[in-house]
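[1] Sequence below, structure please.
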Amino acid sequence: QVQLVESGGGLVQAGGSLRLSCAASGSIFSINDMGWYRQAPGKQRELVAIIMSGGSTNYADSVKGRFTISRDNAKNTVYLQMNSLKPEDTAVYYCNAYIFYSSGSYARGADYWGQGTQVTVSS
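    Below you'll find the model as predicted:
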């Protein structure tokens, strides 16, 4: 069983900072891309940031310069440092990762999602 567990959400005033963490656990062989998505009420889920296995990153235009994604491969964990938060950043944030896991004598790959963590930015 592989799972992603997020932490670090909460309520913060505009201009403040939060750091989200997402740890993968289980019979993990390796992890490919890891990313953060968010979904605001009444809106579709959107990509916030993604980090490849080699460390290259990509960000949504709306968060460039304010958010930083990083990963610790030894801990199978991805982080999202969010600075200069705005009310429009309010959403449920989801961690996503493509994980190769041990299945008998084989390694299989699948897309996994965390349960989501609420981030609320007050004006």
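
[2] my read: Ala110 touches Tyr101, true?
    Yes: if you go by Cβ atoms under 8 Å, Ala110 and Tyr101 touch, sitting 7.1 Å apart. C-betas here are computed from N, CA, C, even on glycine.

[3] List the buried residues in the helix or strand that contains Tyr94.
    Assigned by DSSP states H and E, Tyr94 belongs to strand 91-103. By neighbour count on 16 or more other Cβ atoms under 10 Å, the buried set for strand 91-103 is Ala91, Val92, Tyr93, Tyr94, Cys95, Asn96, Ala97, Ile99, Phe100, Tyr101.

[4] Next one: the residue of the chain most remote from its centre from Ile28, what distance?
    In the chain, Ser105 marks the outermost C-alpha relative to the chain mean, sitting 29.7 Å out by Cα atoms, centre = their mean. As judged by Cβ to Cβ, to the nearest Å, Ser105 and Ile28 stand 16 Å apart.
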